[in-house]
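*Asks:* Mind folding the following:
(one chain, ligands or ions: 4)
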Amino acid sequence: VLMRHEIQEALKNEQFSLVYQPIFDSNKQITSVEALLRWHHPEQGVISPIEFISLAEHTGQIIPLGRWVFEQVCRDMPELQALGIPTIAVNLSPLQLSRSRFCSDLEVILDTYGVSPEQLVLEITENVLVSELTNASSMLNELHRIGFKIAIDDFGTGYSSLRYLQELPIDILKIDKSFVNDVGEGKKYEGITRAMLAIAQELQLRVVAEGVETEDQLTFLKNHHCLYFQGYLLAKPMPLTNLQSFLQNQS
Ligand code: G
Ligand code: G
Ligand code: MN
Ligand code: NA
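*Replies:* Numbering: from 1, shown residues only. Ligands and ions are numbered 1, 2, ... in the order given. Predicted coordinates:
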């Protein structure tokens, strides 16, 4: 089991790293990458965030850890820009959004590294919007006013009403992989995915389909006006250095 002090130690000992998973348009051009956290534990090897994010949320360590992620993304930004990748998506946890200093902390980091907020997509899960912890609406308005793009992650799996799609400053919907998994040859639960794509089109929201694993899924999504795709079929999350060779091999 992971102990609470281990996260603090791991930050100090530089055991965290980021991998980047490309997001493609329908011409297989990379339009963005999503930053995903990895912990290189000295005894346990590489640990997925599924194993430690909730612990970090309970202990409050998600605050320094989230700040580290944001700083690392800013440090990597020049290299990603040089590769022709215009934006990076960063996952946020609800606790980060609940702090009143959140916006000003981010602005200080942007300043330090000379990164512009337009280069960043902030991914939040739908449940942030119904969390009692956060005054999500005013925080999102503030972040959007600064210039960040806002994406709803795992769209369709949360407990909030659809009304927020119209009321909040949302730029992107990321359709959860559980829905993407249900479309294509031999699958019969395509209705919800089709309906989500129709809602997004109606509200002029950009849609990213997550967890695309088969050509059948990709074809279905393209036929229903989805324009952006992420998933193992196209590319797995990879360290920055591998992204360079990935792009070279692609062209
Ligand atoms: O590849 P994957 O195992 O990376 O991610 C598992 C889960 O961890 C996903 O729900 C993802 O959103 C979350 N996650 C990955 N990186 C981060 C991060 O930097 N911050 C937060 N809050 N969640 C992350
Ligand atoms: O919650 P969030 O959407 O941020 O989580 C992204 C997670 O999905 C990461 O764990 C990432 O590694 C994983 N992932 C990305 N592409 C695929 C895929 O094609 N299939 C599956 N099963 N997982 C994927
Ligand atoms: Mn995400
Ligand atoms: Na997701």
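
*Asks:* Could you list the residues of the stretch 101-250 of the chain in contact with ligand 4?
*Replies:* Residues of the stretch 101-250 of the chain lying close to ligand 4 (Cβ under 5 Å from the ion) are Asp153, Asp154, Glu210. (C-beta placed from N, C-alpha, C; glycine too.)

*Asks:* out of those residues, which is most surrounded?
*Replies:* Asp153 (25 neighbours; other Cβ atoms under 10 Å).

*Asks:* Verify the assumption that it is located in a helix.
*Replies:* No. Under DSSP: H, G, I helix; E, B strand; the rest coil, Asp153 falls outside any helix and is assigned strand.

*Asks:* State the distance from it to Phe246.
*Replies:* If you measure Asp153 against Phe246 using Cβ to Cβ, to the nearest Å, the figure is 23 Å.

*Asks:* the helices in the stretch 51-200 of the chain, which residues?
*Replies:* Residue ranges of the helices in the stretch 51-200 of the chain, as given by DSSP state H, counting those that start in this stretch, are 62-82, 94-97, 102-113, 136-146, 164-167, 177-180, 190-202.

*Asks:* so which of these gets nearest Tyr228?
*Replies:* With Cβ to Cβ as the criterion, Tyr228 lies closest to helix 190-202 of the helices of the stretch 51-200 of the chain, at 10.8 Å.

*Asks:* Toward the C-terminus, what is the element adjacent to the closest one?
*Replies:* Next helix or strand after helix 190-202 toward the C-terminus (DSSP states H and E): strand 206-209.

*Asks:* Contact residues of this structure facing ligand 2?
*Replies:* With the criterion set to Cβ under 6 Å from any ligand atom, the chain comes near ligand 2 through 21, 36, 91, 153-154, 177, 210-213, 231-232, 237.

*Asks:* Would you mind listing which of these are buried?
*Replies:* Gln21, Leu36, Asn91, Asp153, Asp154, Lys177, Glu210, Gly211, Val212, Gly231, Pro237 (16 or more other Cβ atoms under 10 Å).

*Asks:* returning to what we had before: just curious, which of the residues of the stretch 101-250 of the chain next to ligand 4 is nearest to Lys187?
*Replies:* Distances from Lys187 to these, taken by Cβ to Cβ, are shortest for Glu210, at 16.2 Å.

*Asks:* What separation is there between Pro42 and Gln72?
*Replies:* For Pro42, the distance to Gln72 - Cβ to Cβ - is 20 Å.

*Asks:* okay, the two: which has more neighbours?
*Replies:* More crowded of Pro42 and Gln72, by other Cβ under 10 Å: Gln72, with 17 against 10.

*Asks:* Now do the same for the residue lying closest to the more buried one once chain neighbours are set aside: helix, strand or coil?
*Replies:* Of all residues not flanking Gln72 in the chain, Leu18 sits nearest, at 5.4 Å (Cβ to Cβ, 6 or more residues apart in numbering). Judged by three-state DSSP, the three-state class of Leu18 is strand.
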